[in-house]
Each structure stands twice: as C-alpha cells, then as structure tokens.
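Trainee: Here is a sequence with its predicted model. Questions after.
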Amino acid sequence: MRRTKIIATLGPATDDLSVLTRLITAGVDAVRLNFSHGSAEDHRARVTHVRRIASEQKKILCIIADLQGPKIRIGCFKAGALILKDKDLFTFDALLDENAGTAKSVGLTYKDLPKDVSPGDTLLVDDGRLSFTVLAVKDSQIQCQVLSGGTISDHKGINRLGGGLSAESFTPKDKEDMRTALSLDVDYIAISFPRSAEDILAAKRHIADMKGHAGIIAKIERREALDHIDGIIEVSDAIMVARGDLGVEIGDAALPAIQKQLISQARAKNKIAITATQMMESMIHSPIPTRAEVMDVANAVLDGTDAVMLSAETSNGDDPVRVLEAMSRICLGAEQHPKTLVSHHRLDKKFSHTDEAIAMAAMYTANHLSVKAIVCLTESGSTALWMSRIRSGIIILGLSPHAKTLRKMALYRGVVPIHFSMVHEDLDHIDRHALHYLLQQAFLKSGDAVLLTKGQHIGVLGGTNTLQILVVP
C-alpha cells in the first residue's frame, strides 16, 4: 500500500463525473476545493459528487477547503497578454482601473502595495517569471524598470523579494468562503499567507464562532511566516509548504533546505506536512512527467511529507487520472528506500500523554518485530497521528466509528482509515472482533501477526492505554 497521501485539486477537468469516478477509483486520498476560483455553488456540487462516488466505492476521502487570502495581484490588460523586454520602463498603479493595463502600466488588486515598497526593491510577477526593480514610488504609482522580461498577462501574482507586504491574511471574502466550507462539513480549512500564530488563532476563532469543527492547515507562503514558524506549527493541525509564493519571496536557492526543515519541524511537533506547487506541472498537458518532477516528488517522500498535492494538474489538466497514477507510482518507488523505514522520532523525549506513549511503543515494537500491520482502535485519531510520525514500512489500520475522525486520518502518512463500530462491542472481546472484521475485509490474513492498541473504555477520547501482540485466528 502507498503510505504517502495524494491530494487532488478539483476544477473544470474533474467536473466530468466519469473523470472524478476514475480519480477516486485510482486512489486519491483527499480533494482540495480552491476558493480562489469558482462559486459557492460550484464547490457545493463538487462536494456532493465526491461524497456520493466515495460512498458508492466505500472509500474514505478527506476534503480540504483552501481559502484565497489577500489578492496580491496585478489587474488586466486591454490587449490581453503582452511582452515586456529587459530595461523597459513599467508602472504598477494602484489607482489605475483594473482593466486598463497597457504596455506602460497596469492596475493592482492590492491597493496598499505602494506603501510596502521602496526604491531599490525587487518586485516579482507570475511566480518570478518577470522581475522589476523599483525606481521610484510616487503616490499610487510604483515606477519600475524591467530586470527580466517576458510575457505578462491578466491577474498574475505580484510579490516583493524578501517579503514584507502588510496585507491581512484573512479577508471578508475568506470569512464568507469559510462559512460556505463549514456548511459543507469539510475536514480541513487552509489559511493563505499567515504571518504568525495569531493569524491561525484568529481563523480558529472564526470557526468556533460559526460552530464549525474543521482542522486548520497553515499555508507557508510568506517570508515572515518563517520567522514565527514554531508558533504557527504549534497552533495548526497541518502545514502546507506552498512553494510558489514562498519560493518567490525567499528565492529559489533557499527553497529546498526550507522545505526539508518545515517537514521535519511539523513531524517533530506531531503535525501533518503537505508539499505543494508545481509537483507534476508538465503533466497538465504532457502524458509523462519530467525526470526533475519525478525526483521532486520522490524527495518530498524521502523528506517525510505526509501528502503531496496536485493543483492545475488535476483541476485543469488534460488527464487528471494519468497524473494521479504517475504520482502514485513515484511515491511507491520512493517508499522502497531504506530511509523511509527508519526513525528516531522522539526517542529522547518524555511523553505527557499515556496514549502518545502507547503509540510510540507500538511503532518501536513494529520496527523491531515481524508484524503485518498495526491495528489502532481510536476515537479522535490522535493515536494514529502519533504513530504516523514514526517512519515505518508497517501499515497502520486506523479503526474508528466516527466519520469525521476517519476523514481526517485519510491525510496521515501510512494510515488506512477503516470504519468500525465499537459502540456495541464487548470490550473484553473487541480485539477479536476487530481482527475478524479486518479478516473479512481482506486487510489481514489468517496467521498474520499484528500489534493492536485500544483504550480501557470505549468512547473515551485520549483513552488508549493498551498494546497487544496478537495473531489473526
């Protein structure tokens, strides 16, 4: 079984129900709703279709709502795309009509950009494909010279090299989109451009005010976020290494080391790590990935990422299913490397929770004893999450009666979420019943040795306190 999870972004290409059905059949673990595009009705329809098809296939899928965040973008050009040459003079004007762009100037959706830049700064457009040096800032106008030219077109993102933009991470549109997402009972909400832990805590307060229960994914996109990364990870359920904007702000050369550092920090704090942006971008139109993309995905797996994410490759690509299958093969190949089977995670730490200690003991035992699987009976999914922080080739079967817990576990590396009703089970025989159920579902075979963790009282959160070594009868 593939241990690294795959997230696919939904869009026009997956609105064809036959494509969506094949995508779910091919083994996608989570889907992403990109609230930068589409209407509330579009997202509602996509969630309805995903849940219906997943139910028909008896698949458990996680749903992520990705909020747009501040629109730090240029406006539109009268003539559509145009070409800027090196050393051309060009102006970004916050007061120019957003549809009146010419070869000399263009408007801005982010009106405060002139306040955030100074002469000598470097501005990057379209993920750094074009660069400009700021010559002067006069009222609403940022007068620049083109450093690196190329084709410029409507609504491309604009960043300041080194970060420092003052745009708030949570906008009125985000609040409405959050309300829509919570009404759809999504499992995680991704917050764009957070600068500090306070931005994440503010999003959590909004969720609580709306009586929602979604987890929070912090998208690491700003240079400032790196200065407060410990606090951001601490208050989030997951982080996303969003390499597009982050790479623009910190520079390409710094990005590989930062990616490894972020994944490691998230795992050390028992949080989920997602690696995103341009992982298989050539396959938007190509039937095969580039060798560089193969290495990129494989390296993220070796870094220990929980999930890798597809964006335009599935939302607008020619063949979303082919992309998913290619990414799955690469993940499986990388997971054969011995590095993915060894871990020293938290071996030098003391545990503050009994269930965390049981999880660590189970994984240590699994990596030093010949067992087929770890069977984790869990209410909240915490034990399975802690187990999944340990690198191992042993699959974790996360059994829970709660749909929300199961869907969240679908994002944990190495965890297979399985619905198992424990409400009416006799506690003294629940382990036998669980093994019998897994035998029926063909997850295990007679004679398999397994590790099983459970709590002394069914229905109690954080109550896991038992580890057993069993043989499937």
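Mentor: Nice, thanks for sending it over.

Trainee: Pull the distance from the helix ranked longest in the chain to the chain's centre.
Mentor: Longest helix in the chain, counting residues (DSSP state H): helix 40-56. The chain centroid and the centroid of helix 40-56 are separated by 19 Å under CA atoms, centre = their mean, to the nearest Å.

Trainee: What residues of it count as buried?
Mentor: Neighbour-count burial for helix 40-56, counted by 16 or more other CB atoms under 10 Å, picks out 42-43, 46-47, 49-50, 53-54. No exception for glycine: its C-beta is placed from N, CA and C like everyone else's.

Trainee: What is the nearest of those residues to Phe90?
Mentor: Set against Phe90, the nearest of those by CB to CB is Asp42 (34.8 Å).

Trainee: Now for the chain, the helix or strand with the poorest mean pLDDT.
Mentor: Lowest mean confidence among the helices and strands of the chain (mean pLDDT, DSSP states H and E): helix 354-366, at a mean of 83.

Trainee: In that helix, which residues are buried?
Mentor: Buried residues in helix 354-366 (16+ other CB under 10 Å): 355-360, 362-363, 366.

Trainee: Please apply the same query to stretch 19-33.
Mentor: Buried-residue list, stretch 19-33, by 16+ other CB under 10 Å: 20-24, 26, 28-33.

Trainee: Show me where the stretch 1-150 of the chain has its helices.
Mentor: In the stretch 1-150 of the chain, the helices defined using DSSP state H, counting those that start in this stretch lie at 17-25, 40-56, 113-116.

Trainee: That should have said the stretch 301-450 of the chain, apologies.
Mentor: Going by DSSP H, counting those that start in this stretch, the stretch 301-450 of the chain shows helices at 312-315, 320-334, 354-366, 382-388, 403-409, 430-440.

Trainee: what would those look like in JSON lines with distance to Pro289?
Mentor: JSON lines is the format used below for the helices of the stretch 301-450 of the chain (distance: least, CB to CB, whole Å):
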{"stretch": "helix 312-315", "distance to Pro289": "9"}
{"stretch": "helix 320-334", "distance to Pro289": "6"}
{"stretch": "helix 354-366", "distance to Pro289": "32"}
{"stretch": "helix 382-388", "distance to Pro289": "26"}
{"stretch": "helix 403-409", "distance to Pro289": "28"}
{"stretch": "helix 430-440", "distance to Pro289": "35"}
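
Trainee: so where do the strands sit in the stretch 51-200 of the chain?
Mentor: For the stretch 51-200 of the chain, the strands defined by DSSP state E, counting those that start in this stretch occupy 62-66, 82-84, 89-93, 105-107, 122-125, 130-138, 141-148, 150-152, 158-160, 188-191.

Trainee: Please apply the same query to the stretch 201-350 of the chain.
Mentor: 215-220, 238-242, 272-276, 307-310.

Trainee: possible to save these as JSON lines with mean neighbour count, mean pLDDT and distance to Arg3?
Mentor: Shown next, in JSON lines, are the strands of the stretch 201-350 of the chain (neighbours: other CB atoms under 10 Å; pLDDT from 0 to 100; distance: least, CB to CB, whole Å):
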{"stretch": "strand 215-220", "mean neighbour count": "25", "mean pLDDT": "98", "distance to Arg3": "20"}
{"stretch": "strand 238-242", "mean neighbour count": "27", "mean pLDDT": "97", "distance to Arg3": "17"}
{"stretch": "strand 272-276", "mean neighbour count": "26", "mean pLDDT": "98", "distance to Arg3": "13"}
{"stretch": "strand 307-310", "mean neighbour count": "25", "mean pLDDT": "98", "distance to Arg3": "11"}
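
Trainee: okay, those strands in TSV with distance to Ile263 next?
Mentor: As requested, those are exported to TSV (distance: least, CB to CB, whole Å):
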stretch	distance to Ile263
strand 215-220	11
strand 238-242	7
strand 272-276	4
strand 307-310	11
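
Trainee: so which of those strands gets nearest Leu130?
Mentor: Nearest to Leu130 among those is strand 238-242; the distance by CB to CB comes to 20.1 Å.

Trainee: Output the closest one as PDB - backbone C-alpha positions only.
Mentor: Provided in PDB are the C-alpha atoms of strand 238-242 (Å, rounded to 0.1, in the frame of the first residue of the first chain):
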ATOM      1  CA  ALA A 238      -1.100  20.800   9.500                       C
ATOM      2  CA  ILE A 239       1.200  23.000   7.400                       C
ATOM      3  CA  MET A 240       1.500  23.200   3.600                       C
ATOM      4  CA  VAL A 241       4.800  24.000   2.100                       C
ATOM      5  CA  ALA A 242       3.300  26.300  -0.600                       C
END
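
Trainee: List the neighbouring strands of that strand plus their orientation.
Mentor: strand 215-220 (parallel), strand 272-276 (parallel) (DSSP bridges).

Trainee: Next, format those as a markdown table and append distance to Leu451.
Mentor: Formatted as a markdown table, those follow (distance: least, CB to CB, whole Å):
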| stretch | distance to Leu451 |
| --- | --- |
| strand 215-220 | 27 |
| strand 272-276 | 22 |
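
Trainee: Quick check: which of these is nearest to Cys62?
Mentor: Among the strands paired with strand 238-242, strand 215-220 sits nearest to Cys62 (CB to CB), with 9.5 Å.
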